[in-house]
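**Student:** can't give you the sequence, but here's the structure:
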C-alpha cells in the first residue's frame, strides 16, 4: 500500500468528537508535516547500516541537566535506539525560541534519528512542538522521568513510536503530580561532583514566571531517600554533592513532620560523614530556616557559596513581581550569614527591565550589589511570558532592558574580578574536576599549572587571575 494512501486514510480518520475544530486542524497539519518529514528520513534510514546512537541534549538549568542524566539512564536501560531527546527550558521566551532552533538544527544534522521533545517548554507549550514536522514525540515533565514511558517507546520499533497523531502529545496535567520519586544516578558525566534532586515544583506565583506551570506544585524527596542517594554517590567516588530543586528552600512541608531544608542538610552531614563537600544550588533567602543558618555557620563541609534568588533591589518592583522579600530582607540576610561565616561568597539572580521599572528603580538594583556584597551575578533582561500577569503590565522597551542588563553585568564582572584578585597569595582547597581545572570552596574556577589527577582535593596556592579564573600551583 503506498504511503500517500496511508496518509490520506490517517488524515481522514475519526477524531474525538469533543476535540475543538482549531485543535483538530492543528493536529492534522502537524501530522501531515510530520509524516512528510519522517518519510524523507525513513527513506534515508533504510539505506543505513547502523542506527545512530541515542543522545540527550539539555537546555537550561542545573535541574534540567540532572533530569537529562536521568533520561539518559532510562534510555540505556530500556534499550531505546535511534533517538535524540531535546530537554527544553521555558524560563524566557528566548529559551523557547532557542529550543525550536536547536530542534531544527539537530534534525538537519541527524536525518536518520527520531526526535523527542520534553522539558518545561514542552510541558507549557506542547502544541508548539507537536506542530513541528521535525518532532516525532512530545513528552511532559512527569513522563520524561518515568521508566515505563521509555520502555513503551523502546517497544515501538517504527518511525512513529507506534502512536497516532493524537498520541504524539504525551503531556499530562503536571499540577496533578503530588509526589516526587527519587532518581538514582551516578553523576553528570564526571566522577567528582554530582547533583541530587531533592525538590521539584513551586507553590509560589511570581508574576513573571511560567515555571510552576511546567514543573507543578512543590514536592519533596523524603529525607531518608535523599540521604541514601548521597551515600551511594560518595561510595562511588564523588567528593562533592550539590542539592538542587526548583524552589530548594521549600523542601519538606509536604513530608510527614514538615521538616525544613536545614534539617535535611544536617541529616546528610551527620549520616554521610565521608562526604567532603556539600553545596546548595540556589536558595530563597526569605525561606532560610534556623537549622539551615546554623549549618551554614557551623559546618565547614557545607560550602561557603550561596546563590540567592533576589530578582530586584527595588521594593516596588519586588511587590509587583509578587516576591516575598524586600530589599532590606536581602541585605539583613547577607549581613547575618557573613557575620556567622566570614568566608561566605554570595551570587544572585537579578532581572533588569521588569515592567514599570524606572531608572531610579534600576539603580536600587545596582546599589544592592554592594549592599549585599554580591560576587557572582546571573543577570537576565526581562522576557515576557504569555499567560503571566507581568506580560500584561506596562512594558519597558527591549533596548532599555538590554542596556540595563549590560550595565549590571559590567558591575558584576568588576566585583567578581575584585574577589578573584583578593585570593592571590592565598591557599585554596580545590576539587579537581578535569584536566587540572576545578573549583574552590567559594566556587571560584581554578586552573593549576601542573594538573593533579581528576577527582582529587588539593591545596593550591593562587598565583594570578586570568580571564575570570584563578591560576594556581599545588601547595607544598
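**Tutor:** Sure, I can see it. Because the structure is a prediction, the values reported are computed rather than measured.

**Student:** Can you tell me which residue sits nearest the middle of the protein?
**Tutor:** What sits nearest the mean C-alpha location of the chain, by CA atoms, centre = their mean, is residue 61, with 2.0 Å.

**Student:** just checking, it touches residue 90?
**Tutor:** No - at 10.4 Å, residue 61 does not count as touching residue 90 under the criterion of CB atoms under 8 Å. Where C-beta positions appear, they are placed from N, C-alpha and C, glycine not excepted.

**Student:** Name the residues contacting each of those two.
**Tutor:** Applying CB atoms under 8 Å, 6 or more residues apart in numbering, one finds that no residue jointly contacts residue 61 and residue 90.

**Student:** May I ask which helix or strand of this structure has the lowest mean pLDDT?
**Tutor:** The helix or strand of the chain with the lowest confidence, counting by mean pLDDT, DSSP states H and E, is helix 3-11 at a mean of 35.

**Student:** circling back to that earlier point, for the residue nearest to the residue nearest to the centre of the chain when sequence neighbours are not counted, give me its contacts.
**Tutor:** Distances taken as CB to CB, 6 or more residues apart in numbering put residue 89 closest to residue 61, at 6.7 Å, once the chain neighbours are dropped. Residues counted as contacts of residue 89 (CB under 8 Å, 6+ apart) are 59, 60, 61, 64, 95, 96, 99, 119, 120, 121.

**Student:** Tell me the secondary structure at the last one.
**Tutor:** In this case it means residue 121. State at residue 121, reduced to three classes by DSSP: H, G, I helix; E, B strand; the rest coil: helix.

**Student:** Could you find the closest non-adjacent residue to it?
**Tutor:** That would be residue 88: by CB to CB, 6+ apart, it lies 3.7 Å from residue 121.

**Student:** before we move on, what about the first one?
**Tutor:** Leaving out its chain neighbours, the residue that sits closest to residue 59 by CB to CB, 6+ apart is residue 89, at 4.6 Å.

**Student:** go on, the fifth one?
**Tutor:** Once flanking residues are discounted, residue 95 sits nearest to residue 89: 4.3 Å by CB to CB, 6+ apart.

**Student:** What pLDDT is listed against that neighbour?
**Tutor:** Residue 89 carries a pLDDT value of 89.

**Student:** follow-up on the earlier one: show the backbone phi and psi for the residue nearest to residue 59.
**Tutor:** phi -120, psi 150 (degrees, to the nearest 10).

**Student:** what does the one 3 residues further on give?
**Tutor:** As for residue 92, its main-chain torsions (degrees, to the nearest 10) stand at phi -140, psi 160.

**Student:** Please apply the same query to residue 87.
**Tutor:** Taking degrees, to the nearest 10 as the convention, residue 87 sits at phi -100, psi 100.

**Student:** That one: how many residues sit nearby?
**Tutor:** Neighbours of residue 87 under the rule other CB atoms under 10 Å: 27.

**Student:** ok now do it, which residues does it touch?
**Tutor:** For residue 87, the contacting residues are 56, 57, 58, 59, 60, 64, 67, 68, 71, 118, 119, 144, by CB under 8 Å, 6+ apart.

**Student:** How much space separates it from residue 69?
**Tutor:** 10 Å (CB to CB, to the nearest Å).

**Student:** Same check on residue 132?
**Tutor:** Residue 132 is 25 Å from residue 69, by CB to CB.

**Student:** Low-confidence stretches in the chain?
**Tutor:** 1-53, 156-167, 171-191 (pLDDT under 70).

**Student:** how is it carved up into domains?
**Tutor:** For the chain, the structural domains run 25-172, 189-301, 304-422, 427-474, going by automatic domain parsing.

**Student:** Please compute how far stretch 374-383 lies from its chain's middle.
**Tutor:** 16 Å (CA atoms, centre = their mean, to the nearest Å).

**Student:** ignore the last one, stretch 302-310
**Tutor:** Here stretch 302-310 is found 16 Å from its chain centre; the criterion is CA atoms, centre = their mean.

**Student:** Over to stretch 342-350?
**Tutor:** 19 Å.

**Student:** for that stretch, which positions count as buried?
**Tutor:** Within stretch 342-350, the residues that count as buried by 16 or more other CB atoms under 10 Å are 344, 345, 346, 347, 348, 350.

**Student:** Tell me if I am right that residue 97 is in a helix.
**Tutor:** Yes - counting by three-state DSSP, residue 97 is part of a helix.

**Student:** what about it, neighbour count?
**Tutor:** Neighbours of residue 97 using other CB under 10 Å come to 12.

**Student:** how far away is it from residue 57?
**Tutor:** For residue 97, the distance to residue 57 - CB to CB - is 16 Å.
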